[in-house]
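[1] After the sequence you'll find the predicted model.
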Amino acid sequence: MLGLVALIIASDKGRKLTPLLSKYTYEICGQAMISYAIDAGLEAGAQRLVVLSGQDSDLIRELIPKDSAFIQNDEKSADENIIYKIQDAFKKNKSETILILPGEYPLINGSTLKAAYEYHLGKNNQVTVLTNTEGSLSDICFINTDLLLSEFSSPKDITTDFCIKNIIKRLYAGGQKVDSYCISNFSELLSVNDSSQLSEAERIILNRIIKKHMDNGVIFHLPETSMIDNRVKIGKDTIIHPGTILEGNTIIGENCNIGPYSRIQDSLVKDGVHFMNSVMIQSQIGNNTTVGPFAYIRPGSKIGENIKIGDFVEIKNSNIGNNSKVPHLSYIGDADVGKHVNVGCGAVVVNYNGKVKNRTLVGDHAFVGCNVNLVSPVVINDYAYIAAGSTITDEVPEYALAIARNRQTIIADWVKRKGLDRK
């Protein structure tokens, strides 16, 4: 095959989605809309990417591969300079074919584009435009490089809108060999230009994502209630319960139970984990650990294997060693907790002194009683026991029992003397 280069158009004509941001930056299942077009172009076999951007060029530039050629075409750009840049991007090899792919087509599949490209070459077309079964033209086409360059001979040929259909009409009227490639799946040619189309595109892409995971052995209960980002990976035999949200670069292992009504963002969950009615962000969980319900694992946390993180527990920027338990109603912040540690109900790591945050170290096999305050920075050594209700400010040696509370005092008949015994 001759070389294929993808020309991604990001002109933002109309800007119906928002007056503030480029529509190409809007996320669909966790990925910017223009990224879908780029991925499809590369899957089709494009050896180079050229991005023609209109407004919000800085935002677009951040979303494209670093080795892409970038042409800025907005009100501040000189028309002659843009023509030079377009000619320079393609004149090196005029035997190439250019795939013109506007960035508002996030549903087009790379496999579809590849088949259309093969059709374009096989028919020896000069232009091949993608159409649906009703014959409606899209803005996606394959065009020979020298033919496209001939269209850009003066400043008036380049506009911010860059209307592909007008170019095709001129070429057809000029007697060029213009053909069409029909796509039976209407959804692939959905152009996203308003909020309604954005929602429809996300629904279709989400269905594709979930089907892909199902085909790989993942079980979904009421999949229409879940939100799974495009980059998420899920191992086989994992069960995704209703209301689950998996975002960013999250990786879920095999044989897990995730949900119901849980959110995991940019995190790693290893095999056999049960994660119920909870939230985790930028953290990781080891094998066979249970989390929830109603736990919150904040960024920077590393939860080990065979651990129980119970209800209404918050973990922040902390490490929890294997086989430890934080069953309920506790806050562990900026702490390193060892193996086989039990943290009692209502325990708090007091990690902030009003100016800076400090870390606490809890050794292996330590026992932290209920309603204990560990005032950072403090060290609890291996096998140490902390009595319930204690506020610990000094290091506790190995095998020691630390008690930091007043002795109980009984004052007989105090209630009667105060007159508080009324019925």
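    Everything's here; your move.
[2] Next, name the residue at the spatial heart of the protein.
    Gly248 (1.9 Å; C-alpha atoms, centre = their mean).
[3] do you know how far the nearest residue in space to that one that is not next to it in sequence is from His241?
    What sits nearest to Gly248 in space, not counting adjacent residues and going by C-beta to C-beta, 6 or more residues apart in numbering, is Asp266, at 3.8 Å. Every C-beta, even on glycine, is put in place using the N, C-alpha and C of the backbone. The gap separating Asp266 from His241 is 21 Å, by C-beta to C-beta, to the nearest Å.
[4] Tell me the confidence at the closest residue to Ser68 other than its chain neighbours?
    Nearest residue to Ser68, sequence neighbours excluded (C-beta to C-beta, 6+ apart): Leu49, at 4.1 Å. Model confidence at Leu49, expressed as pLDDT, equals 91.
[5] in stretch 380-392, what's buried?
    Within stretch 380-392, the residues scored as buried using 16 or more other C-beta atoms under 10 Å are Ile380, Asn381, Asp382, Ala384, Tyr385, Ile386, Ala387, Gly389, Ser390, Ile392.
[6] Wait, the second one touches Pro397, no?
    Yes: when contacts are counted by C-beta atoms under 8 Å, Asn381 is listed as touching Pro397 (5.6 Å).
[7] hang on, Glu118 in a strand?
    No: counting by DSSP: H, G, I helix; E, B strand; the rest coil, Glu118 is located in no strand; its state is helix.
[8] And it, how close does it get to Ala44?
    10 Å.
[9] quick one, helices of the stretch 51-200 of the chain?
    Ranges of helices within the stretch 51-200 of the chain are 57-63, 79-90, 110-122, 145-151, 164-173, 195-215, based on DSSP state H, counting those that start in this stretch.
[10] Which secondary structure elements does the fifth one sit against?
    This means helix 164-173. strand 127-132, strand 137-144, helix 145-151, strand 178-183 (3 or more C-beta pairs under 8 Å, 6 or more residues apart in numbering; DSSP states H and E).
[11] can I get the ones you listed in TSV with distance to Asn358, mean pLDDT and mean neighbour count?
    Putting the helices and strands packed on helix 164-173 into TSV (distance: least, C-beta to C-beta, whole Å; pLDDT from 0 to 100; neighbours: other C-beta atoms under 10 Å) gives the following:
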stretch	distance to Asn358	mean pLDDT	mean neighbour count
strand 127-132	61	92	22
strand 137-144	57	90	23
helix 145-151	63	75	17
strand 178-183	61	93	18
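[12] Asn288 is nearest to which of the ones you listed?
    When those are compared by C-beta to C-beta, strand 178-183 sits nearest Asn288, at 46.5 Å.
[13] circling back to that earlier point, now for the buried residues of stretch 380-392, which pair is the farthest apart?
    Among these, Asp382 and Gly389 lie farthest apart (C-beta to C-beta), at 22.5 Å.
[14] What score does His120 have for pLDDT?
    Note on His120: pLDDT of 95.
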